[in-house]
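# could you work out the structure for the sequence below:
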Amino acid sequence: MAVFHSTPVTCSCGQTIDAHLAKSVNVRRNPAVRGQILRGEFHRAACSACGAVHAVERPFYYSDPDRQAVFLVQPRGERFNHTRDGQRLTRQGRDCALLMGGVAPSQLRVVYGLDELREKLVAQDAKFDDRHVELFKLFVLHEHPFLLRTPRLQLVLSDVNSTQLEFVAYHHNQPRSYRIQLPRFLAERAASQPDQLEQWVASAKQEKSLLAPDRRWVNFRRWSTRYSALDVLRDFAKTVAAGQPIGLSSEPFITMCRRLPRASELPDWAKKDLRTLFEYAKSKNNGKAQDRLFEVRFGIGLDDEWATNSDPNDIDTIWKLLRNAPIDNIEGNVKLKEIQLIAGGGGLYQWSGVVQIGAKELRNQESFEDVLRHEVGHAVHSNKEAMINAWLKSEFGWQRFDRNQHGINQWIELMGGWDHWGPVTSAERVEISNALVQALGQGGWKPGPRPSLPASHPWHRQNFGPRLATEQSHADWFETFPGWYRANGLAFFLNYWYAELMVVKESALDLVLKMPSRYAAMSHFEFFAELYSLYYDLDDPQRKVIPKPVADWIDRNIGVPTPDNPAPPSATATKKKAATAVKKKSVKKRPVG
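So this is what the prediction gives:
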């Protein structure tokens, strides 16, 4: 018998699929399921809209009374909870016996993902002990050490025939895979000498975790240092919770920090234990330990200057702010790699994924938080650039144009076209285009040389849009945006930093007037960063100026704010944006030309 439940699954195309997923399966009563698992067809859901077929994961029990096996099948991402799951399965031994018709199972296992389940079934059919199969994998790795040079290795038994065992090796999120054969007679010879296998394991790893009969998760990955580091983390957190000291500079602590998984790879309990250790390190004023724990928790490097900084609350502030942001904005964001403390004020986001915060910002807690949120906003924009740019264009009219004839034509067309103010010859268009390129300069805060065309030139006609847009784009163009040239519901300006022509909807500038800093008018990059900073600053009274459709889009596509650490009520009374300090340092610089 098999118990299935209807479960909604969302396809990447947006279509909702009604998937029938198992809660428990008894393959004596429903033998077809075993064949589906071996063929890779189990828990598959096809989208009726786009035709995509998805492998769907959900926990379920697999029982096989004829082979005296019970497996608790968990999603692959739950491997770090193997100790908890193994203990749970052991406690449920009586229930497992009921699944087997009153006979205690001889093979009681936790497996993670259908690949692990499938290889257990392949091993059963070939009459190999699954514990020996995991040791065979070590033989494979010994013969093919290059597999270990790339992290997150997956190695599964794929097939067994009369002459060989075939394994498939691949690395998570990597396209290549490898098929590796092990002669069957070698595997059978090793399996026929269990005492020697145990001696070999003991000499190699000083423990018998894969061979011990009470082990529920039997997989060579147990020997990964990441899993042992998680055990050390749990022990350290328990010691601190009991009021006992730990060595923050000890070799076990440093080794643990080096070997632990990072950011989104951490199970939830490990994130809580890391916070426990972080609070302990903070109470001991140990900045280096806080630095190490931060880098583990978020997968983001902290410059050593943070550890030696005199204020012990700075790293804690970063921790809380990042924890409150939507999880995928931080964890696994390849565009956010390191946070550095530098001289001066303001902040800077580099396309390499490095955020720099000026030391002067640390003098004011609110300014520090605002600058950090702003720079994280740049990293989020960089990570989701295509989607965010499309939204900024459709919702707010943000567009940028290259400094070539094609880009200039597009910019002027939005004003009404070249002849909107009277005829302009082809030669005159080239002269005007050259004048605009000259005025843009080569990138920086100041304009290039102003155009010096003859008085009779169309450039000097009354209300000539390109001229007015140039004249009304001052050195600090974002500070004087209310005076930008307007036409057809749009505002036109020259951005001297990027040396590009830009345009934005007038309604977007109306919103900027209500936001904490006019720097939001600097470019579409800064507009989004300021919008992000304001939206995720839950105690800022100006947050309410964000229109509901804008807030709804951010919730759907960037993430819902998580107010785990709300600021005290008095914080709103001292809010102040250091717009002047941020202005010249928070720019997302790109090459011009």
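
# quick one, longest helix in the protein?
helix 365-383 (DSSP state H).

# check which element follows that one along the chain.
Next in sequence after helix 365-383, counting helices and strands by DSSP states H and E, comes helix 385-396.

# quick one: list the elements packing against that next one.
Applying 3 or more CB pairs under 8 Å, 6 or more residues apart in numbering; DSSP states H and E, one finds that helix 385-396 contacts helix 506-514, helix 524-535, helix 548-557. The C-beta positions use only the backbone N, C-alpha and C, and glycine is treated the same way.

# could you check it and say which residues are buried?
388-389, 391-393, 396 (16 or more other CB atoms under 10 Å).

# contacts for it next, please.
For helix 385-396, contacts defined as CB atoms under 8 Å, 6 or more residues apart in numbering pick out 380-381, 398-399, 504-505, 507-508, 511, 524, 527-528, 549-550, 553, 557.

# can you get me a residue count around V3?
Counted with other CB atoms under 10 Å, residues neighbouring V3 total 13.

# quick one: average pLDDT of the helix or strand encompassing it?
Secondary structure assignment for V3, by DSSP H and E: strand 2-10. Strand 2-10 comes out with an average pLDDT of 80.

# go on, stretch 518-534?
Average pLDDT, stretch 518-534: 94.

# again with stretch 409-421
Per-residue scores along stretch 409-421 average to 96.

# check stretch 347-367 too.
80.

# how would you label the spatially most distant residue from the centre of the chain: helix, strand or coil?
For the chain, the residue at maximal distance from the C-alpha centroid (CA atoms, centre = their mean) is S456, at 57.5 Å. Put simply, S456 is coil when judged by DSSP: H, G, I helix; E, B strand; the rest coil.

# what is the subsequent helix or strand relative to the longest strand along the chain?
Longest strand of the chain, by residue count under DSSP state E: strand 16-26. Next in sequence after strand 16-26, counting helices and strands by DSSP H and E, comes helix 32-38.

# tally of neighbours for the residue nearest to I554 when sequence neighbours are not counted?
Excluding its sequence neighbours, the residue lying closest to I554 (CB to CB, 6 or more residues apart in numbering) is Y535, at 5.6 Å. When neighbours are defined as other CB under 10 Å, Y535 has 19 of them.

# begin at 160 from now on, thanks
I'll keep to 160 as the first residue from here, and by that count the last item is Y694.

# which helix or strand in the chain has the lowest average pLDDT?
One helix or strand of the chain scores below all others by mean pLDDT, DSSP states H and E: helix 738-742, with a mean of 34.

# okay, the helices and strands packed on helix 544-555, which one's buried deepest?
Across those, averaging neighbours per residue (mean count of other CB atoms under 10 Å) puts helix 683-694 on top, at a mean of 25.

# may I see the buried residues of stretch 341-353?
Using 16+ other CB under 10 Å as the test for burial, stretch 341-353 gives 341, 343, 346, 349-350.

# now the residues you listed in JSON lines, with pLDDT, distance to Y657 and secondary structure?
Formatted as JSON lines, the buried residues of stretch 341-353 follow (pLDDT from 0 to 100; distance: CB to CB, whole Å; DSSP: H, G, I helix; E, B strand; the rest coil):
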{"residue": "L341", "pLDDT": "93", "distance to Y657": "58", "secondary structure": "strand"}
{"residue": "R343", "pLDDT": "94", "distance to Y657": "64", "secondary structure": "helix"}
{"residue": "A346", "pLDDT": "91", "distance to Y657": "63", "secondary structure": "helix"}
{"residue": "A349", "pLDDT": "87", "distance to Y657": "64", "secondary structure": "helix"}
{"residue": "A350", "pLDDT": "87", "distance to Y657": "66", "secondary structure": "helix"}
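
# rewinding a little: the residue nearest to I713 reaches Q701, doesn't it?
No - using CB atoms under 8 Å, Y694 is not in contact with Q701; the gap is 10.5 Å.

# so where's the stretch 610-752 of the chain shaky on pLDDT?
Within the stretch 610-752 of the chain, the segments meeting pLDDT under 70 span 722-752.

# what segments of the stretch 460-609 of the chain are strands?
Counting by DSSP state E, counting those that start in this stretch, one finds strands in the stretch 460-609 of the chain at the ranges 460-461, 497-501, 506-508, 513-517, 558-560.

# how about a markdown table for the ones you listed, with distance to Q195 and mean neighbour count added?
Converted to a markdown table, these look like this (distance: least, CB to CB, whole Å; neighbours: other CB atoms under 10 Å):
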| stretch | distance to Q195 | mean neighbour count |
| --- | --- | --- |
| strand 460-461 | 45 | 19 |
| strand 497-501 | 46 | 18 |
| strand 506-508 | 49 | 26 |
| strand 513-517 | 48 | 23 |
| strand 558-560 | 52 | 18 |
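
# need the ones you listed in TSV (columns: distance to G566).
Output for these, formatted as TSV (distance: least, CB to CB, whole Å):
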stretch	distance to G566
strand 460-461	38
strand 497-501	34
strand 506-508	25
strand 513-517	30
strand 558-560	4
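
# thinking again about what came up before, elements contacting the longest helix of the chain?
When contacts are defined as 3+ CB pairs under 8 Å, 6+ apart, helix 524-542 packs onto helix 473-483, helix 486-489, strand 506-508, strand 513-517, helix 683-694, helix 738-742.

# low-scoring stretches of the stretch 360-509 of the chain, by residue?
Counting by pLDDT under 70, the stretch 360-509 of the chain contains low-confidence ranges at 360-373, 461-473, 478-480, 482-483, 491.

# which residues touch stretch 170-183?
With CB under 8 Å, 6+ apart as the test, stretch 170-183 has contacts from 161-169, 192, 201-202, 204-209, 211, 213, 215, 217, 219-222, 258.

# ditto for stretch 275-292
193, 196-197, 199, 221, 223, 226, 228, 230, 232, 266, 268, 270, 315-319, 324, 346, 349-350, 356, 369-370, 374, 377-378.

# can you select the buried ones among these for me in PyMOL?
Per 16+ other CB under 10 Å, the buried members of these correspond to this PyMOL selection:
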select buried, resi 193+196+221+223+226+228+230+232+266+268+270+315+316+317+318+319+324+346+349+350+356+369+370+374+377+378
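
# among the contacts of stretch 275-292, which are in helices?
Per DSSP H, the subset of these in helices is 193, 196-197, 346, 349-350, 356.

# any chance of CSV for these, columns distance to K447?
Formatted as CSV, the ones in helices among the contacts of stretch 275-292 follow (distance: CB to CB, whole Å):
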residue, distance to K447
R193, 53
I196, 49
L197, 51
A346, 48
A349, 46
A350, 49
L356, 43
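
# shouldn't F395 be in contact with T414?
No - using CB under 8 Å, F395 is not in contact with T414, being 11.6 Å away.

# the two: who's more crowded?
Higher neighbour count among F395 and T414: F395, with 22 against 14, using other CB under 10 Å.

# who's in contact with the more buried one?
Contacts of F395 (CB under 8 Å, 6+ apart): 405, 412, 415, 432, 436.

# switch the cut-off to 6 Å
Residues in contact with F395 (CB atoms under 6 Å, 6 or more residues apart in numbering) are I405.

# measure it to A646 for me?
64 Å (CB to CB, to the nearest Å).

# what's the answer for L452, then?
L452 is 54 Å from A646, by CB to CB.

# which of these two has more neighbours?
Taking neighbours as other CB under 10 Å, L452 and A646 compare with L452 leading, 30 against 17.

# so what does that one have for phi and psi?
Main-chain dihedrals, L452, degrees, to the nearest 10: phi -70, psi -40.

# P641 too?
P641 has phi and psi values of phi -60, psi -20 when expressed as degrees, to the nearest 10.
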